[in-house]
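Q: Below are the sequence and a predicted model; questions follow.
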Amino acid sequence: MQDKQFIKETLLESAHAYRAGRMDRRSFLALCGMSGVAMSAVMAGDAKAAADHIVMWNWGGISEECHGSAIGVPFQEKTGMGMKFDTSGPLEGKIREMVDSGNVTADVCDGDLFNAVSLGPTGHLEPIDYSIVSKDKTLPQYALEYGISIILYGYAFVYDTEMYGDNPPKNWADFFDTETFPGTRSLYKWANGSLEAALMADGVPGDQLYPLDMDRALNKIKSIKDDSIYWGSGSEVHSMCISGEASMAIIWQNRGKNIEMDTDGRYKLVNNQAMAMPGAYIVPKGNPAGREAVMKFIATAQEVPVQLDILDCLGMTPSNPAAFSEIPEEQQPYAITSAQNIDNIVYNDPVWWGENGGDAVNAFLEAIS
Amino acid sequence: MTQTATGGLTLAGLTKRFGTFVAVDEVDLEIRRGEFLTLLGPSGSGKTTLLMMIAGFLDISEGDILLDGASIRDIPADKRNFGMVFQGYALFPHMTVRQNVGYALDVRGRPRAEIEARVDEMLELVQLQQFGDRKPGQLSGGQQQRVALARALCFAPPVLLLDEPLGALDKKLRVEVQDQLKAIHRQVGTTFIYVTHDQEEALSMSDRVVIMQDGRIEQLGTPNELYERPRTRFAAGFLGKSNFLTLDDGTYALRPEKIDLAPAGSINGAARLSGTIRDITYFGAIQKFMVAVEGRDDIEVDVDSWRNPHDLSVGQKVDLAWADTAAVKLEDT
Amino acid sequence: MQALRKHISPGWLLVAPFFLVVVVFYLGPLLNILWLSVTDPEPGFGNYSALVTSDAMARILWTTFRTCLITTVFSVAIGYCLAYAMVHAHQKKQNIMLTLLLISFWISVLVRTFAWLMLLGHNGLVNNAFETIGLIDRPIRFMRNELGVLIGMIHYMVPYAVLPLMANMQTLDPRVMAASRNLGANGVQTFRRIYLPLTLPGIVASSLLVFILSLGFYVTPAILGGGKVLMVAEYISVQLLVTLKWGTAAMLGTLMLIGVLALLWIMTRFMQLSAVFGGGATR
């Protein structure tokens, strides 16, 4: 997954350089003589020239299109500012590196809310301006000092109906029960969702998950290790299901919907006990477009029509409670905050993850490798 | 020296073809036990191909090779027990001199003590006793050559094949090693089959010489026979120098040193030809005169320097004379 | 200035600009990594002590070492056979083989990795074929485990193993092998006692190259290992990008660097490095 980002990033960098080169050919050529310097200098120049638009750092794919039409269009109508993309994926380490290098080229990152907890206090993020952004337009626990949840995605699971047609798995306990439900499981490699699922399977109530009992969770994970494979990217788990390699897989609920479609319903999504993950917008310290502009951008993304557009386009669930009741009929089974699902889901705690995520990921990696 | 193994080889209609090219063409040859036989010829004459067939590195297209009467045609190279000294020596660079020399006995699984004793014996034979623990890379060319010889003789092969073994040495060292080789041959009594394109080497070392040309034997004989009575123009020209005189009854080979030369009219006996000195070259021991004779090619006359009483000079008229036996009638005019 | 000239060859002036570039853009970041490894998150050798105290670290290093070692052994063994066949084939065949080898060089590691999934994966060509002819009733697990990682890595590394071996074998004098046969050694003896020792520099060079390159493998273990084969390179990337433990990442990077340098140093004690990297000396 990260390699793809690396390739993309490299392409993007050269594209930036090329663009800048057209703008200021002479200095570009001079800088080229000192290749290493050239790249950063050119990138810096590019960023400073970016005051008339917001640069969103997201994960590429169709999200570029969806964010453009759902947020970019109304935002331009409101403010006259455009929207551009860096699709290399705002991993925490990359955000930190960008801010540390003093060469900030992105205004808003389509990240996780726990990023705001870990990167905020270290001075890598701009605080959210709640005079522009509304705390009421998201779930109350998901409006934090350095980040705010715009959408929710969920960790749910899919199962192979050909394998378990008569007696399908219904919850995490079934997912972890390889005796009653034999077959290969696929879990997320970076621990998220997998740990919570393991605890729920082990009998921990959904509202008492945090702080995570790591030992208990890892023991549960290890108990099905022989039957488990682990995925690192959405496309990877997708192909594991398409090929029939995994009989059950922990999965992002929107990806699960795609798998249902691509397998003509052979794989089925189970949203019971799905964990709501707050996808958040966070702002790197010293963002090029300025704090006010980016806060307006975030506020735009909170609007109900925008949220519904994102749901329609990306399958990401609204986090603005006002949008919950507007979720259309065909999205009811998939959107985790729909009337159909909202009573059966649990909520991720970004504070715990922000403070303990690094250790949790390492412990998880150690357990599965 | 206790080495007694020696063998006679018979080549019968031996032929080697590479595609349509015939490298060795129906060679019949009797190689006597213990003799030093040289295969002499220019490159491409088939002498090395012949040697490689004897060694077993090349398949025989037709004919047979017999060792003391028994065919060795189907015996692979590693079972023929022929020693060989390769061009460039082909020593094992990662082994010491002792390991190189003892290799043949080692792979035959002989006891350590026997190997060590035999290696000592061989190193003494080639006078390299004090170099036993060196690697070949630490030796001079001449020393490497002797290691190769010791290695090839160590297992007392009945036949030793030598492929231009002195080719890589400079001229002075070569003469020295020639003498050593001859001495070693006398000492061990093994049949030596020696390939070279150097006529002096062939003449000075061999019991018999085979002159090869285009995959065939041009002439076979002792060095003296070949030099004194070459049968063909090629043999006469390749082994030493020769003038070729076409007379009424055929072509004659006439060695330059067998011609007497004197100012016109002053020669003892009947002058055979008269001409004009066109060029004189001084070689120290001899002087070479090129004499232009009307209607013929220039004739070369070699005169011992000490015998030059006439104070001849270029442009002078001279008479040439020689004994009846000096001119050899060639078969292939 | 005059005195300076005496000590510094003017040749250095020619390479000075490049030298400077190397220092600034290569050594600089390298030192930065070293620095980071003893300063992040706090000054001291805490990152390094994790090597001793953390089972996880030891396991990852062991997995990396083991995987690289097995990869090296098989790549060099296969590479040796290929190189031998190529060196001793006719020129025309040799060119064809070399071209095929280079083609596999040019295919991206990502493509090659996914190709293995298609071939040996759960629903891959091989499993499907076996199932169709009734040889097996459930797919064999070639991929998403250590076996898969090894298959992918060995396949990627074989061309790297071949080239130094070929270079080495081409310098050998065939007459040396002929001499061995002539002296009564059979094919096996000649190979074991002559050919193999003479190709040892090639084997060492090829092993070093493959082992060092394997240490940095990332994509293949990540994809073919099914998450279960965690090697250092991937772990470093996780520490950098996900868990933000840059000190740990720097420490592991430093460790890899030292390991590679130590490996090269040990080898120089046994043979000239120039011989290892194609100097062509056979002794």
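A: Looks like it came in fine.
Q: use CA for all of it now, contacts and neighbours both
A: Fine.
Q: The one residue sitting closest to the centre of chain B: what secondary structure?
A: Centroid check for chain B by CA atoms, centre = their mean gives B:Ala202 as the closest residue, at 2.6 Å. Counting by DSSP: H, G, I helix; E, B strand; the rest coil, the backbone at B:Ala202 sits in helix.
Q: check which helix or strand covers the closest residue to it other than its chain neighbours.
A: Nearest non-adjacent residue to B:Ala202, counting by CA to CA, 6 or more residues apart in numbering or on different chains: B:Thr38, 6.0 Å away. In this structure, B:Thr38 is located in strand B:36-40 according to DSSP states H and E.
Q: still on that earlier bit, surely the residue nearest to the centre of chain B is in contact with B:Ile211?
A: No: checked against CA atoms under 8 Å, the pair B:Ala202 and B:Ile211 is beyond contact range at 9.6 Å.
Q: so what's in contact with those two at the same time?
A: In the contact map built from CA atoms under 8 Å, 6 or more residues apart in numbering or on different chains, the residues linked to both B:Ala202 and B:Ile211 are B:Leu40.
Q: Tell me how many other residues crowd B:Lys288.
A: Counted by other CA atoms under 10 Å in any protein chain shown, the residues lying close to B:Lys288 total 18.
Q: right, and it touches B:Tyr282 too?
A: Yes: B:Lys288 sits in contact with B:Tyr282 when judged by CA under 8 Å, with a separation of 6.4 Å.
Q: Identify the residues contacting the strand holding B:Thr38?
A: In this structure, residues lying in contact with strand B:36-40 by CA under 8 Å, 6+ apart are B:31, B:47, B:185, B:191-199, B:202, B:205-212.
Q: shaky segments in the chain?
A: Chain wasn't specified; assuming chain A. Per-residue confidence of chain A (counting by pLDDT under 70) places the weak regions at A:1-51.
Q: wait, chain C
A: Residues of chain C that meet the cut-off, pLDDT under 70, sit at C:1-7, C:270-283.
Q: Go ahead and flag the most central residue of it.
A: The geometric centre of chain C, computed from its C-alpha atoms, lies nearest to C:Val210 (CA atoms, centre = their mean), at 2.2 Å.
Q: all strands for the stretch 1-150 of chain A, in order.
A: When secondary structure is read from DSSP state E, counting those that start in this stretch, the stretch 1-150 of chain A shows strands at A:53-57, A:82-86, A:108-112, A:125-126, A:148-160.
Q: got a list of what the residue nearest to the centre of chain C touches?
A: C:Val210 is in contact with C:71-72, C:75-76, C:157, C:160-161, counting by CA under 8 Å, 6+ apart.
Q: mind checking the SS state of it?
A: For C:Val210, the assignment made with three-state DSSP gives helix.
Q: Over to the one 10 residues further on?
A: Three-state secondary structure (criterion: three-state DSSP) places C:Thr220 in helix.
Q: can you count the residues close to it?
A: Residue crowding around C:Thr220 was assessed by other CA under 10 Å; the count is 22.
Q: I'd like to know how far it sits from C:Val109.
A: From C:Thr220 across to C:Val109, the span is 8 Å (CA to CA, to the nearest Å).
Q: The residue of chain A found nearest chain B: what's its closest spatial neighbour, skipping adjacent residues?
A: Nearest to chain B, among the residues of chain A, is A:Ser369, at 45.3 Å (CA to the nearest CA). Of all residues not flanking A:Ser369 in the chain, C:Lys228 sits nearest, at 4.1 Å (CA to CA, 6+ apart).
Q: contacting residues around the one you found?
A: C:Lys228 makes contact with A:229-230, A:368-369, C:144-146 under the criterion CA under 8 Å, 6+ apart.
Q: run the last query once more with 7 Å
A: With contact set as CA atoms under 7 Å, 6 or more residues apart in numbering or on different chains, C:Lys228 has these partners: A:368-369, C:145.
Q: Next up, phi/psi of it, please.
A: Reported as degrees, to the nearest 10, the phi and psi values for C:Lys228 are phi -90, psi -20.
Q: now the one 4 residues further on
A: With angles defined as degrees, to the nearest 10, C:Val232 shows backbone torsions of phi -60, psi -40.
Q: Next: the one 3 residues further on.
A: Backbone torsions of C:Tyr235, given as degrees, to the nearest 10, read phi -60, psi -40.
Q: what about it, how many neighbours?
A: So C:Tyr235, with other CA under 10 Å, has 21 neighbours.
Q: same deal with B:Ala113?
A: 9.
Q: quick one: secondary structure of it?
A: Looking at B:Ala113 with three-state DSSP, the answer is helix.
Q: Next, find the distance separating it from chain A.
A: Separation of B:Ala113 from chain A (CA to the nearest CA, to the nearest Å): 58 Å.
Q: residues in contact with that residue?
A: The contact partners of B:Ala113, taken as CA under 7 Å, 6+ apart, number zero.
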